[in-house]
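Q: Need a 3D model of the following:
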Amino acid sequence: MNHSANPASLPKCTQPGPHHHDPRIGFFDHHAPRWDHLAVDIPAMHRRLEELCERLTLGPGVRVLELGCGTGLITEWLASVVQPARVVAADFSPAMLEQALAKNINAEFRLLDICRDATEPEAYDVVFCFQCFPHFRDQAAALRSIAHALKPGGQLQVVHLVGSRQINHFHRNVGGAVEDDLLPGANQWPRLLESAGLRFQNLEDREDLFLLQAVKTS
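A: Numbers count the residues shown, from 1 in each chain. Here you go, the predicted structure:
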């Protein structure tokens, strides 16, 4: 990663119109400058993802929309896995994207609120939500937008490197803008997915992994 790249040489960040006010955006904007220092062991995170790679149906040429990319903690890893395809990495926090752009990662970065902004129809093989799904203020709307973005047969991947109990407990303890940002319960996912045009495939929820997979049905 190049943290001192010339801004003029960086990939452009595609920006839609003004965003609906959401206190979560302010929360992440505030923490963006020191987010990488708050992160857990980043190489270890990449190793865990590499171990999961085959199960995540990622590989050369796979067109990926990475939602909630933040400062790009895993974007470079994703880009290396799917090249020559190019990752589209999106976040609703301008300050997070500013940090990601400064790394000069070979990806297209977009300011995007998946709960309200349009995406290209049927453009992606995989929509990858890494440690971000709880922060979608309207999860049903987010899933509808995700289904819109996926090609028929394309897959949604919701991935956390800890289980839902730990995630939900952590957000409640953080409080403030993210205290109600929770993962749905196991019995809620099939209905949420079906109403969005997605078919539930798999849910693994254990202490060291949360993995939800669903496919676009048509």
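Q: Show the subsequent helix or strand relative to the lowest-mean-pLDDT helix or strand in the chain.
A: The weakest-scoring helix or strand in the chain, judged by mean pLDDT, DSSP states H and E, is strand 13-14 (a mean of 38). Remark: after strand 13-14, the chain's next helix or strand is helix 23-31, criterion DSSP states H and E.
Q: Just the buried positions in that following helix, please.
A: Of all the residues in helix 23-31, those buried under the rule 16 or more other Cβ atoms under 10 Å are Arg24, Ile25, Phe27, Phe28, Asp29. Every residue, glycine included, has its C-beta placed from N, CA and C.
Q: again, but for stretch 136-154
A: 136-137, 139, 142-150, 154.
Q: Next step: the residues you listed restricted to helices.
A: Judged by DSSP state H, helices contain the following of the buried residues of stretch 136-154: Gln139, Ala142, Leu143, Arg144, Ser145, Ile146, Ala147, His148, Ala149.
Q: Tell me the one of those nearest Leu65?
A: Ala149 (5.8 Å; Cβ to Cβ).
Q: list the contacts for that closest one?
A: Leu65, Thr119, Glu120, Pro121, Glu122, Ala123, Tyr124, Val127 (Cβ atoms under 8 Å, 6 or more residues apart in numbering).
Q: out of those, which is most surrounded?
A: Val127 (29 neighbours; other Cβ atoms under 10 Å).
Q: Verify the contact between that one and Arg63 for me.
A: No: counting by Cβ atoms under 8 Å, Val127 does not reach Arg63; the two are 10.0 Å apart.
Q: one step back: out of the contacts of Ala149, which are inside strands?
A: If you go by DSSP state E, the contacts of Ala149 have Leu65, Tyr124, Val127 in strands.
Q: thought the second one was touching Lys151?
A: Yes: because the distance of 6.5 Å satisfies Cβ under 8 Å, Tyr124 is recorded as touching Lys151.
Q: Find the residues that touch each one of those two.
A: Listed as contacting both Tyr124 and Lys151 by Cβ under 8 Å, 6+ apart are Arg63.
Q: ok, and Gln157, which helix or strand is that part of?
A: strand 150-160.
Q: average model confidence for that strand?
A: Computed over strand 150-160, the mean pLDDT rounds to 98.
Q: Need the residues that contact it.
A: So strand 150-160 is contacted by 49, 52, 56-57, 63, 122-131, 133, 143, 146-147, 167, 183, 193, 198, 201, 209-218 (Cβ under 8 Å, 6+ apart).
Q: Can you list which of those residues are found in strands?
A: Reading strands off the contacts of strand 150-160 with DSSP E, I get 124-130, 198, 201, 209-216.
Q: Derive a ChimeraX selection command for the buried subset of the residues you listed.
A: Filtering the ones in strands among the contacts of strand 150-160 down to the buried ones (16+ other Cβ under 10 Å) takes a single ChimeraX command:
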select :124,125,126,127,128,129,130,198,210,211,212,213,214,215,216
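Q: So what touches the strand or helix carrying Glu98?
A: In this structure, Glu98 sits in helix 94-101 according to DSSP H and E. Residues from elsewhere that reach helix 94-101 (Cβ under 8 Å, 6+ apart): 7, 10-11, 13, 25, 28-30, 32-33, 35-36, 69-72, 75, 89, 91, 109, 111.
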